[in-house]
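Enquirer: turn this into a model:
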Amino acid sequence: MTLLIVCLSVIFFSSAAKRLAMVRRAVVVLALVLSAVPLLISPAFAQDDVGLPIHPKTIPSTIVRRAGEGEGTRWVQVSFTINAPYKQVVKFYQEKVDRNAQISQIDSGKLLNTLILFSRDPKDQFNINISSERGKKVTEVELSRNVVGP
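Expert: As a prediction, the model looks like this:
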């Protein structure tokens, strides 16, 4: 904040050409800082909410978080796109769940889909839905967690 005040005072007391150049520079720096914030924050919030890691090749601008409560259940859902092939993403998430997970895979010819269901506690359930079009280099993932009780 202090840096911003110093920059603004320098801009105010400079010549018009210098002010314009400094304003342009300040706008570029601000745009770069604001564009980096989702890279640093979104995956951390998603992992804390859902209790599952966000894939390292996730495209930060695609992360969408939803949450709600009702009838004694709290739920959190995080969906995002990963810049990695489907099989790599499936392997990544299979390694993150325990052995008692139920895994269903469907290959419809054009669409590949894997659903991983597991529970760490009967009142705490997790779903991982992974899908991709055959031959594409990006994969869609939806992580969700349902917790029963307060």
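
Enquirer: and stretch 124-136, which residues are buried?
Expert: Neighbour counts using 16 or more other C-beta atoms under 10 Å place 125, 126, 127, 128, 129, 130, 131, 132 of stretch 124-136 among the buried residues. Backbone N, C-alpha and C define where each C-beta goes, glycine included.

Enquirer: which residues touch the residue lying closest to the fifth one once chain neighbours are set aside?
Expert: Meaning residue 129. Of all residues not flanking residue 129 in the chain, residue 142 sits nearest, at 4.4 Å (C-beta to C-beta, 6 or more residues apart in numbering). Counting by C-beta atoms under 8 Å, 6 or more residues apart in numbering, residue 142 touches 77, 78, 79, 127, 128, 129.

Enquirer: switch the cut-off to 10 Å
Expert: 50, 64, 66, 77-80, 115, 127-131 (C-beta atoms under 10 Å, 6 or more residues apart in numbering).

Enquirer: could you check the pLDDT of it?
Expert: Per-residue pLDDT puts residue 142 at 97.

Enquirer: that one pairs with what?
Expert: With DSSP bridges as the criterion, residue 142 is bridged to residue 79, residue 129.

Enquirer: for residue 101, see how far away it is.
Expert: For residue 142, the distance to residue 101 equals 16 Å [C-beta to C-beta, to the nearest Å].

Enquirer: helix or strand for residue 147, which one?
Expert: Taking DSSP states H and E as the criterion, residue 147 maps to strand 139-148.

Enquirer: quick check: buried residues in that strand?
Expert: 139, 140, 141, 142, 143, 144, 145, 147.

Enquirer: CA atoms only: put that strand into CSV for me.
Expert: The C-alpha trace of strand 139-148 is given here as CSV (Å, rounded to 0.1, in the frame of the first residue of the first chain):
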residue,chain,number,x,y,z
THR,A,139,-9.1,-33.4,-18.8
GLU,A,140,-12.1,-32.2,-16.8
VAL,A,141,-12.3,-33.0,-13.1
GLU,A,142,-15.0,-32.5,-10.5
LEU,A,143,-14.1,-33.1,-6.8
SER,A,144,-17.0,-33.1,-4.3
ARG,A,145,-17.3,-33.8,-0.6
ASN,A,146,-20.5,-34.4,1.4
VAL,A,147,-20.4,-34.2,5.2
VAL,A,148,-23.3,-35.3,7.3
